[in-house]
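pasting the structure only:
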């Protein structure tokens, strides 16, 4: 987690595989996600139904729900990342 936080300023986006039990409890990558949003980076986070309510509370209604479709996710990243970002 420390390495991810330290490299945010040089990143084009943040992808977190899941907002899980630790994040729902206020730990884990929760602060890193918040830092990335503060840096205006696109943030892509997987969320299961069990933690959806906690994620909705954390995101304050700012999150955009996307279908788990590879082409859609790549398109979203390309559309939201800086024009010079490399998305593959």
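Arrived safely, thanks for sending. Because the structure is predicted, anything quoted here is derived from the model rather than measured.

please, where are all the helices along the protein?
2-7, 21-24, 30-38, 52-59, 70-80 (DSSP state H).

low pLDDT regions in the chain?
86-88 (pLDDT under 70).

change it to 80
Counting by pLDDT under 80, the ranges of the chain that qualify are 82-88.

most remote residue from the middle of it, which is it?
In the chain, residue 84 marks the outermost C-alpha relative to the chain mean, sitting 19.2 Å out by C-alpha atoms, centre = their mean.

first-to-last residue distance for stretch 52-65?
In stretch 52-65, first residue to last residue: 11 Å (C-alpha to C-alpha, to the nearest Å).

quick one: that stretch to chain centroid distance?
Offset of stretch 52-65 from its chain centre (C-alpha atoms, centre = their mean, to the nearest Å): 11 Å.

can you name the residues in contact with that stretch?
Contact with stretch 52-65 is made by 19, 23-24, 30, 33, 37, 45, 47, 76, as judged by C-beta atoms under 8 Å, 6 or more residues apart in numbering. Using the backbone N, CA and C atoms, a C-beta is placed for each residue, glycine as well.

one step back: what is the burial count for the closest residue to the residue farthest from the centre of the chain other than its chain neighbours?
Once flanking residues are discounted, residue 84 sits nearest to residue 12: 7.9 Å by C-beta to C-beta, 6 or more residues apart in numbering. By other C-beta atoms under 10 Å, the residues close to residue 12 number 14.

which of the contacts of stretch 52-65 lies closest to residue 4?
Set against residue 4, the nearest of the contacts of stretch 52-65 by C-beta to C-beta is residue 33 (10.1 Å).

so what's the nearest residue to that closest one once chain neighbours are set aside bridging to?
Nearest residue to residue 33, sequence neighbours excluded (C-beta to C-beta, 6+ apart): residue 43, at 5.8 Å. Counting by DSSP bridges, residue 43 forms beta bridges with residue 14.
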